[in-house]
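Visitor: here is a sequence together with a model predicted from it:
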Amino acid sequence: MIRKNQGYYIKSSDDVLKDLGESGGALTTLMKFLLKSKIVDGVLAVKKGYDIYDAVPVLISDANKLEESAGSLHCGTMNIAKILVEYINASPDLKLAITVKPCEALTIMELGKRGKIDLNYIIMVGVNCGGTFPPISTRNMIQDVIGVKPDDVINEEITQGKFLVETRDHNIKEINIDYLEDSIYGRRSNCRRCEMNIPVSADLGFGNWGVLEDYVGDYSFVEVFTDKGAEILDKAVESGFLKVEKPSKDAIKIRAHVDNSMISLAKDWQSKDFKGTDNDILKIFSHYDGEFNKCIKCMGCRDACPICFCEECTLEVKSPEWINQGEIPPSPLFHLERLIHMVESCTNCGQCEDVCPVDIPLAKIWHQINLRVKDLEYSPGMDEETLVLFDLFKRPE
Amino acid sequence: MKIDLIPTICPYCGCGCGLNLVNVDGEIKGVEPWKRNPVNEGKLCPKGNFSYEFINHKERLKTPLIKENGQFREASWDEALNAIFRELKKIIDEDPDLVAFLSSARCTNEDNYVLQKFARAVIGTNNIDNCAALCHGPTVSGLNLTFGSGAMTNSIKDMEKADCIFIIGSNPLEQHPLIGRRILKAKAKGSKIIVADPRYTPTAKHADLFLPLTPGTDVALLNSMMQVILKEGLEDQDFIRTRTRDFEKLKKVIENYSPDSVEHITGISAAKIENAALIYGEAEKSSIVYCLGITEHIMGMDNVMSLANLTMLTGNIGREGTGLNPLRGQNNVQGVCDMGALPFLYPGYKKYVLDNVRADTEYEWNCGPLNFLPGLQMVEILEAAYDGRMKAMYIMGENPVFSEPETMKVKESLLNLETLIVQDIFLTETAELADFVLPATSWAEKNGTFTNTERRVQLVRKAADPPGQAMEDWRIFCQLAQVMNSSEMFPYRSEEDIFEEIRSITPQYKGITYQRLKADGMYWPCPDEDHPGTPILHGEKFATPHGLGVFKPIELRSLPETPDDDYPLILSTGRIIFHYHNSNMTGKSKILGNEISKSFVEINPKDALKLGVSNQEMVKIITRHGEIETKVKITSKITHGIIFLPIHFLDGKPNLLTNSKVLDPSTKMPELKALAAKIEKI
């Protein structure tokens, strides 16, 4: 009997997926079970595009096609919640299982609370995440620092603070992530500051932290966060898709240890990144005046932000004429207005900064401001019950 | 439910940014970042972000149209193509050179290659040109004479490595935003930015040194900077000795351009000129970025060659972080030229006046003798139509009624033709005048390749089916060739088949295959399938026949029109970030239109005061060639005595004010950046 708030070793019984997937293919096998048993109509996940640096969102409804989503891609930097809310929401009756990183789980939860999506139709299968890598900078790093042609890399992995690449001729090369991050390379800056390594707002959380000794490679450590998560995992085990074992106390301890050390590293990055700015929200905002001055009003940050909620965007409204139209840069009010609309729900997913054509450190700014919002004891996306901070945007009746 | 993200290339400027089109159940619903593309890493400008909005627009052409008694009626492809054949046949029988083609910098390499092959091998004429004539034509000619190759010398990313970036006649943060990004990144790393422009543009705002240049005086500024560089001993003597020739000729000319003497000509203080020369000359790696502020003058080619002189003088070429970088306008204006959609050149810039070039091509194409008579250039084609020396025109994806100088005359010229065929995605101002309109596919509905400003060839992928009966441009020519009994020369089943032929006869593309392009694309020249491509040109030697760069002594020529008592202002034209050219595509985007959709003229507060006009007031702009009405926008960002008109808007057509009679003799470039004008109250 699988129970909420417990951890399990889970292994796939599927011979094909076992080899294709990460850590024994348990997650992909669970997805296969969910599709085959018609618990969901589709699986929203990520597949490899042109190469391992090219992560592409994919909606799969045929269980036989799940293979393409097996395995992890550390250059998977998108927030899948955006695809969900922007394109799939048009079919609201679709029951979906979604593979989510912690920031994606927070975002989907937050969207549910804001009434943008119906969480009853969604199963969030979470994965632990120690951070993602920007595709092009990572290719440059593999070329310049590791000295391997990026096109010759067939697999990459992150383990114990190291970035590993496997080349076509099966050579493995590794490099210390701390060393990379002292230079211009490494994880995205929002990921470095992120304390959410375990997707606690998902239904289940998969990962290899705490998978020890003989279990390595075959088993995933799965934490169950909700009753819904417990129920589906139970069914998948009962139906023979997955096998379950109890992890040792050591395993649980080690998993918590990995998580804690990642959190403390993130906190270090936060103090590094936020140094030199005041703790007052408006002062933080005005500290970055020079950065906002570069803005070319591409609307990319608005469009990439999955939290955006207005039916008619206030940034497009012509009157009152408080944001100058037809010229750049727009007045800082453009960003201030976005702040008002999203910052309490900001999950530090980094999309705004990723798409910014003039490299304004948006995620950093919003993250710092969001931490001040958290001082008001609201943490976005952690659970379904706590109302959004200012209680303005309740779910419609 | 089905959802697909299709990686492809933005249809607007020459940056060539990658993006994902999102197809939901068969329809394009949006753009999502494609972070794997090395040009832009998932980042886009406003045009790119909303590039999907016009694809499903209700005004898309869906079926061929034939004009009867002044009215269009719908027709089948069979009927339209047969009728076009009959019309063209009559004219070809008389003289194939009575037919002219305009190719399109918006279309793929494959489309353009097939067009020029059709024109040359089926129709039998070299009358083929494209909008580069009105854009970087002077770059192609000017750099050919100095460097031997008319393309951007370095890559976009490479700009980040420059210690100094000298931007002249270019506003990349608005016009090529993802190149603007690299410049800002270079600045953040400590690079010095110099901007010369009559307007204090959003790019100029980020400059360390801003030079408020009077339009048309570029040569004076550049000669003067070179004088300072020589005086200070900042020239690269080694480079000059081993890599160039005719330096002495240059030296003699620049003697007469001291900063003091050009101060009043250029509007820039001698101290600033000296400072600019020192920053550019002293930097280890200096890069030049320029655009149409340099080329769209009747002395555009002079300006380009002056810039080439400056780079060679300081040895700032052939290395990382240096170079002379013309930013190409359209998504595929580099490609349309590479494909030989030019009046004097075959694909790969091969000179067909040479008998062996024609003989080789006849063999490759398996066709009869090819016409050796030089083709007419864009402006000449229209002039010939006006005089009745041209009888038919076939225009693919171009809108000369809006974009060529002297709108009324262009209209008359086109109406004077016996047959006008226009192939486009919307019923443009030009298409309205046509006898036949053929519906083509948009960028979102086709496969193929675009070549961006840095010579990077990239895959364009079909993301949705076209509306109605719209067809790929290349396929339309293949079908027409079939009707004209020449189908054996056009055996293509796919875009890749065409590309295979392109690379077999275009030396720069020889080593490039669709399989090799993948997510990164490849830089030409790429001579063989093991070659990685060439991000930086002129490393060991120049592309001239003797391998040396050639200094060209240039004297400042005066503008055809200078301000006088009757026309006291200088009118300059250009783009703004939210729209593209004649806004046939961006004008159909809700969000871009919401930003701005109406014409305006920028005026300095001093001039506004003198004229007694206020912000938002409607005024008349009058030149010697015509007049328009538009709204005043008073801004201190434009130099006193100069006014600026964006080229995008139907309610303020800039080409009602321009002149097609005075042209640069060799490149046929009209004056588009400095016309004498006055403003009158209404």
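Guide: Perfect, thanks for sending it.

Visitor: now chain A, which segments are flagged as low pLDDT?
Guide: By pLDDT under 70, the low-scoring segments of chain A are A:319-321, A:389-397.

Visitor: so who does the residue of the stretch 301-450 of chain B found nearest chain A touch?
Guide: Closest approach between the stretch 301-450 of chain B and chain A, counting by CB to the nearest CB: B:Glu320, at 13.5 Å. No exception for glycine: its C-beta is placed from N, CA and C like everyone else's. The contact partners of B:Glu320, taken as CB atoms under 8 Å, 6 or more residues apart in numbering or on different chains, are B:154, B:158, B:161, B:285, B:536.

Visitor: got a list of what the spatially closest residue to the third one that is not a sequence neighbour touches?
Guide: Closest residue to B:Lys161 in three dimensions, ignoring its sequence neighbours and counting by CB to CB, 6 or more residues apart in numbering or on different chains: B:Gly321, at 3.5 Å. Counting by CB under 8 Å, 6+ apart, B:Gly321 makes contact with B:154, B:158-163, B:284-285, B:287.

Visitor: okay, and which of these map to strands?
Guide: B:Ser287 (DSSP state E).

Visitor: which of the contacts of B:Gly321 count as buried?
Guide: Using 16 or more other CB atoms under 10 Å in any protein chain shown as the burial test, the contacts of B:Gly321 include B:154, B:158-163, B:285, B:287 as buried.

Visitor: any chance of those residues in JSON lines, plus pLDDT?
Guide: Output for those, formatted as JSON lines (pLDDT from 0 to 100):
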{"residue": "B:Asn154", "pLDDT": "97"}
{"residue": "B:Asp158", "pLDDT": "96"}
{"residue": "B:Met159", "pLDDT": "97"}
{"residue": "B:Glu160", "pLDDT": "97"}
{"residue": "B:Lys161", "pLDDT": "97"}
{"residue": "B:Ala162", "pLDDT": "98"}
{"residue": "B:Asp163", "pLDDT": "98"}
{"residue": "B:Lys285", "pLDDT": "98"}
{"residue": "B:Ser287", "pLDDT": "98"}
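
Visitor: quick one: which of the residues you listed is nearest B:Lys391?
Guide: Nearest to B:Lys391 among the buried ones among the contacts of B:Gly321, counting by CB to CB, is B:Asn154 at 44.4 Å.

Visitor: surely that closest one is in contact with B:Gly323?
Guide: Yes: B:Asn154 is within contact range of B:Gly323, at 3.5 Å (criterion: CB atoms under 8 Å).

Visitor: which neighbours do these two have in common?
Guide: Contacts common to B:Asn154 and B:Gly323, judged by CB under 8 Å, 6+ apart, are B:287, B:536-537.

Visitor: domain-wise, how is the chain divided?
Guide: Here I'm looking at chain A. What automatic domain parsing lists as the domains of chain A is A:7-132+A:191-268, A:135-186, A:277-374.

Visitor: ah, I was thinking of chain B
Guide: As assigned by automatic domain parsing, chain B contains the domains B:3-49, B:65-134+B:331-523, B:153-326, B:569-681.

Visitor: hmm, the shortest one touching chain A?
Guide: Yes: under the criterion of CB under 8 Å from any CB of the partner chain, domain B:3-49 makes contact with chain A via B:3, B:5, B:7, B:20, B:22, B:24, B:29-30, B:32-33, B:35-38, B:40-46, B:48-49.

Visitor: and that domain, how far from the chain's centre?
Guide: Domain B:3-49 sits 21 Å away from the centroid of its parent chain (CA atoms, centre = their mean, to the nearest Å).

Visitor: what does the stretch 51-200 of chain B have sitting close to chain A?
Guide: Taking CB under 8 Å from any CB as the contact definition, the stretch 51-200 of chain B meets chain A at B:173-174, B:177-178, B:180-181, B:184-185, B:188.
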